[in-house]
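Asker: Quick one, what's the 3D model for this:
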Amino acid sequence: MWNGPIILLGRNDFQRIKGPMSKRHFALAALAFLAAPTLAFAGATNFTLVNGTDAALSAISIKRTGTSDWKPLSASASAGAANNVNFSDPDCAFDLKASVAGGGTALWSGVNLCGTSRLTLRRRPSGETWVDYD
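Answerer: Below is the predicted model of the structure:
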C-alpha cells in the first residue's frame, strides 16, 4: 500500500508552469513519481536459501504471511547447504517451514523476500528461529 504524499493539481497549476522546457520537465517528473511505487514494490524474486541450522532440513515449504496455502519450496537442505530458489511473487512477507532431522518442525514467520538475494535460516537448539539477510 502506498503511504507517500498525495498531491492534487488543478488545471491552473499546470498553467503556472512557464515555457515548453518547464512543462516537459514537469511531465517527466510526474511520470517518474508515478513509476516509483511500482519499482519500489516489485515483489519477491529468486534468492539463495542457506541452511544455517545445525541439522538437515527437509520438506521446506512457503506461504504468504496471513494465509494457509503452503507450497513446496525445496525438497531438502543439509546443514550449511545453499540452494538457489527460482521464485516470483508480488508480495514480500512469507512464512517458511521445514522438517528438522531428528524430529520436529521449524517455522520462520514474516520473512521479507523483497530485495533479498540470500537468506540464511537459523535455529537454536531451544527451537527459536530467525533469518539472516545477506
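Asker: Quick one: the strands in this protein, in order.
Answerer: Counting by DSSP state E, one finds strands in the chain at the ranges 47-51, 57-64, 71-77, 82-85, 93-100, 105-112, 118-123, 129-133.
Asker: So, low pLDDT: which residues of the protein?
Answerer: For the chain, applying pLDDT under 70 flags the ranges 1-41.
Asker: residues near the closest residue to G43 other than its chain neighbours, how many?
Answerer: Leaving aside its chain neighbours, G43 sits nearest to P90 (4.1 Å; criterion: CB to CB, 6 or more residues apart in numbering). Just so you know, the C-beta spots here come from the backbone N, C-alpha and C atoms, and that holds for glycine as well. The number of residues packed near P90 is 10, by other CB atoms under 10 Å.
Asker: And P90, how far from A44?
Answerer: 8 Å (CB to CB, to the nearest Å).
Asker: now swap in D134 and tell me
Answerer: D134 sits 16 Å away from A44, going by CB to CB.
Asker: okay, those two: which has more neighbours?
Answerer: In terms of neighbours (other CB under 10 Å), A44 is the more surrounded of D134 and A44; the figures are 22 against 10.
Asker: That one and R123, how far apart?
Answerer: Per CB to CB, A44 is found 22 Å from R123.
Asker: now F94
Answerer: Relative to R123, and taking CB to CB, F94 is found at 17 Å.
Asker: Then A81?
Answerer: 14 Å.
Asker: Looking at the two, which one has more neighbours?
Answerer: The neighbour count for A81 versus R123, taken as other CB under 10 Å, is higher for R123 (21 against 14).
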